[in-house]
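> With the input below, show me the fold.
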Amino acid sequence: MQIGETLRKARTEKGYSLEFLEESTKIRAKYLEALENEKFDVLPGQVYAKAFLRTYAKYLNLDVDEIMAEFNQRQNKEEPVEVSAPEPEPQINGSSKKWRYLVAGLAIVSLFAFKSYYGAGGHPEDNKPTLPKTTQQQTAENKTNQTNPSQAVKPEAQGQQSVQGVRVVLKVTDNQSWMRVVADGNTVFTGMVNPGEMKDFQAQEKILLHVGNAGAVEVNVNGKDLGRLGKNGQVVQIPFAAGEVPKLTQG
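Numbers count the residues shown, from 1 in each chain. From the prediction side, this is the model:
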């Protein structure tokens, strides 16, 4: 089994770029590339290599146990055979126990260092960024509540109001989707969005969407439903500008 080829094939079939997976798994793109090229010596130690490989395989929905078994088998073949130390004399038993305690302590310290650097608790894929409301979204809601509180309760009523500038509402349907949203030149949101979630953005002049799984995202621009942004796994970049008739240029 070729570990690197299996990872690369699964990634390309899903349409994921290394930059997209770096954001999703919190593992640097150069380490993901090293795993695909089976250059395990590039990774910062065997403990990190195993953790990164397990996280990457799990995110790509591969057989984690099979891949880890192949990796461990290769590492065992490459490791030099250690010469057994002579049996210690009875008076050295205390030193032997201290040595085992020292090794166990170093392992625990390494584990805490790994967790503190790549996100406290759980695997890196569990440390996905939260999805707070953007500044534009909060500002739009505050203005609406101040103008007419009764309309703030019904999102469909808001969509029918006249929009100053450009407003984009994104709805993720049946699969996760990574997205980056740039409003008037400022990045206002970056992260994974789960199925069933909606994101609402406004700008005075232009909104640029960068979506990693276009087939899972439906878009509404200035109250007009445009359907899905593209195909499943497709990565798209689509701008929407104020004063223009909203339409999809890709997908």
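
> what secondary structure does residue 244 sit in?
coil (DSSP: H, G, I helix; E, B strand; the rest coil).

> What of residue 73?
helix.

> Pull the number of nearby residues for it.
When neighbours are counted by other Cβ atoms under 10 Å, residue 73 registers 11. For the C-beta atoms, the positions are set from N, CA and C on the backbone; glycine is no exception.

> which secondary element of the chain has the worst mean pLDDT?
None of the helices or strands of the chain scores lower by mean pLDDT, DSSP states H and E than helix 155-159, at a mean of 43.

> So which elements touch the next helix or strand along the chain from that one?
Per DSSP states H and E, the first helix or strand lying C-terminal to helix 155-159 is strand 166-172. Of the remaining helices and strands, those touching strand 166-172 by 3 or more Cβ pairs under 8 Å, 6 or more residues apart in numbering; DSSP states H and E are strand 198-203, strand 206-211, strand 217-221, strand 236-241.

> mind listing what the next helix or strand after strand 166-172 pairs with, with the direction of each?
Using DSSP H and E, the helix or strand that follows strand 166-172 in sequence is strand 177-183. Partners of strand 177-183 in the sheet, by DSSP bridges, are strand 186-193 (antiparallel), strand 206-211 (antiparallel).

> what are the ranges of the strands in the stretch 1-150 of the chain?
Here the stretch 1-150 of the chain has no strands by DSSP state E, counting those that start in this stretch.

> where does it dip in pLDDT?
1, 78-99, 109-150 (pLDDT under 70).

> tell me the helices in it, going along the chain?
3-14, 18-25, 29-36, 46-59, 64-78, 93-118, 135-147 (DSSP state H, counting those that start in this stretch).

> buried ones in the third one?
If I follow you right, that is helix 29-36. The neighbour-count check on helix 29-36 (16 or more other Cβ atoms under 10 Å) flags 31-36 as buried.

> and the direction of that helix versus that of helix 18-25, what angle?
100 degrees (axes from the mean of the first three to the mean of the last three Cα atoms, to 10 degrees).

> same deal with the fifth one?
Interaxial angle, helix 64-78 versus helix 18-25 (the same axes, to 10 degrees): 110 degrees.

> between helix 64-78 and helix 3-14, how many degrees?
150 degrees.

> Taking their axis directions, helix 64-78 and helix 46-59 sit at what angle?
150 degrees.

> Low-confidence stretches in the stretch 151-251 of the chain?
151-163, 249-251.

> I figured residue 46 hits residue 76, correct?
No - between residue 46 and residue 76 there is no contact, the gap being 11.3 Å when judged by Cβ atoms under 8 Å.

> Same drill for those two, tell me which one is more crowded.
Ranked by neighbour count (other Cβ under 10 Å), residue 46 and residue 76 place residue 46 first, with 14 against 8.

> What's the local residue count around residue 217?
Here the count is done by other Cβ under 10 Å, and residue 217 has 24 residues near it.

> And residue 54, by the same measure?
Summarising burial for residue 54: neighbours were counted as other Cβ under 10 Å, giving 18.

> and if you look at residue 209?
Residues near residue 209, counting by other Cβ under 10 Å: 21.

> The closest residue in space to it that isn't next to it in sequence and residue 34, how far apart?
Excluding its sequence neighbours, the residue lying closest to residue 209 (Cβ to Cβ, 6 or more residues apart in numbering) is residue 238, at 4.9 Å. Plainly put, residue 238 is 33 Å away from residue 34 if you go by Cβ to Cβ, to the nearest Å.
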